[in-house]
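1. Build me a model from this:
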Amino acid sequence: MNGQELAGAVSRFGAMMLSCGGEINRVEDSAARICAAYGYNDVGVFAIPRTLIITVTENGVPVTRLENIKDKTVNLDRVARLNALSRFICRVRPDADCIARRLDNIEKSPVYGRYSVIAAYFLSAAAYAMFFGGGIREAFAAGMAGIAVRLMSRFSSKTDAGVFFENLLCAVVMSACAMLLAACGFAPRYDKTIIGALMTLVPGVTLTNGARDFIAGDFFAGTYTLIEALLTALGIAAGAAVTVGLLRGLAV
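-> Okay, here's the model as predicted:
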């Protein structure tokens with residue numbers, strides 16, 4: 001494989017891993033190991049959560065690829081499959097076509113269906129509501145608010161509103177659902193309903209990746225990731241606080 005083919009294959013590999021929740025250190029280390037397996041040691045890899053730059057030098061001529069990651073999600077199964085693929089590439093050293101086919105297979109691999117994800121949101125929100133002291137009614141109300149969160153997140157992700165406003169909108173819808181159910185007398189302890197549904201928005205993977213980046217010494221990527229988590233938390237808090245304050249004021 002020549003340098004141009006290698007740079008293209010590795011940049012696609014790294015972009016896929018970043019887009020599905022892989023941490024920065026894993027992406028940079030995997031890319032460098034793949035290039036070294038083909039005999040290219042003069043390699044530069046720079047990754048942050050939304051950008052990946054790879055430079056492979058062949059016969060003194062650098063070949064650079066830049067990937068912008070627009071859609072990010074959390075798919076740990078895909079991260080594991082890409083990690084296994086990187087080990088396969090380092091061990092077997094296949095050609096570019098073989099790598100492209102395997103990346104296509106991973107990209108087209110089935111994910112959880114729409115109704116499975118909705119059920120997961122319902123069950124997660126209901127379980128958290130009971131964990132924080134709610135009863136059966138609060139758990140069911142939190143599950144319904146969790147479904148509203150899922151539907152709103154699907155809509156807001158298509159508008160490119162940004163992480164702050166996406167979570168703000170989700171928190172507004174979730175809090176409005178909780179307050180509406182409380183006003184109807186179904187789940188009067190709306191605070192338990194809100195905190196149960198709110199937990200489905202907490203950026204746990206983002207916080208973990210940010211901490212791992214700091215531990216690995218990548219302070220720039222760690223700061224970027226933790227700021228993204230902070231904006232997510234601010235959006236959640238602002239959306240819930242404003243909605244509850246307005247609706248309580250109207251009720252009075």
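2. so where's the protein uncertain?
-> 250-252 (pLDDT under 70).
3. Recalculate using a threshold of 80.
-> Low-confidence segments of the chain (pLDDT under 80): 71, 110-113, 156-162, 216-218, 248-252.
4. in a strand, that's where F46 is, yeah?
-> Yes - counting by DSSP: H, G, I helix; E, B strand; the rest coil, F46 is found in a strand.
5. any residues touching stretch 154-167, and which ones?
-> Residues from elsewhere that reach stretch 154-167, judged by C-beta atoms under 8 Å, 6 or more residues apart in numbering: 71, 153, 169-170, 201, 228, 231-232, 234-236, 239. Where you see a C-beta, it was placed from the backbone N, CA and C, and this is true even at glycine.
6. er, stretch 78-91 I mean
-> 13, 16-17, 20-22, 26, 30, 33-34, 37, 94, 99, 102-103, 106, 109.
7. ok, 6 Å please
-> Under the criterion C-beta atoms under 6 Å, 6 or more residues apart in numbering, residues 17, 20-22, 30, 33-34, 37, 102, 106 lie in contact with stretch 78-91.
8. any chance of those in a markdown table, plus neighbour count and secondary structure?
-> Output for the contacts of stretch 78-91, formatted as a markdown table (neighbours: other C-beta atoms under 10 Å; DSSP: H, G, I helix; E, B strand; the rest coil):
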| residue | neighbour count | secondary structure |
| --- | --- | --- |
| M17 | 27 | helix |
| C20 | 23 | coil |
| G21 | 18 | coil |
| G22 | 24 | coil |
| S30 | 23 | helix |
| R33 | 15 | helix |
| I34 | 25 | helix |
| A37 | 15 | helix |
| R102 | 19 | helix |
| I106 | 19 | helix |
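9. distance of the nearest residue to A187 once chain neighbours are set aside from I236?
-> Closest residue to A187 apart from its sequence neighbours, by C-beta to C-beta, 6 or more residues apart in numbering: A141 at 3.6 Å. The gap separating A141 from I236 is 18 Å, by C-beta to C-beta, to the nearest Å.
10. who's more crowded, these two?
-> A141 (31 against 22; other C-beta atoms under 10 Å).
11. Give me the next element, helix or strand, following the helix or strand where the more buried one lies.
-> Per DSSP states H and E: A141 is located in helix 136-157. Using DSSP H and E, the next helix or strand after helix 136-157 towards the C-terminus is helix 163-183.
12. filter the contacts of stretch 154-167 to the buried ones?
-> 153, 169-170, 201, 228, 231-232, 235-236, 239 (16 or more other C-beta atoms under 10 Å).
13. before we move on, the earlier item: ok, the contacts of stretch 78-91 vs I54, which is closest?
-> I34 (10.0 Å; C-beta to C-beta).
14. quick revisit: now distance to I215 and secondary structure too, for the contacts of stretch 154-167, in JSON lines please.
-> Below are the contacts of stretch 154-167 laid out as JSON lines (distance: C-beta to C-beta, whole Å; DSSP: H, G, I helix; E, B strand; the rest coil):
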{"residue": "D71", "distance to I215": "27", "secondary structure": "coil"}
{"residue": "S153", "distance to I215": "30", "secondary structure": "helix"}
{"residue": "L169", "distance to I215": "33", "secondary structure": "helix"}
{"residue": "C170", "distance to I215": "30", "secondary structure": "helix"}
{"residue": "L201", "distance to I215": "25", "secondary structure": "helix"}
{"residue": "E228", "distance to I215": "18", "secondary structure": "helix"}
{"residue": "L231", "distance to I215": "22", "secondary structure": "helix"}
{"residue": "T232", "distance to I215": "21", "secondary structure": "helix"}
{"residue": "L234", "distance to I215": "24", "secondary structure": "helix"}
{"residue": "G235", "distance to I215": "26", "secondary structure": "helix"}
{"residue": "I236", "distance to I215": "26", "secondary structure": "helix"}
{"residue": "G239", "distance to I215": "31", "secondary structure": "helix"}
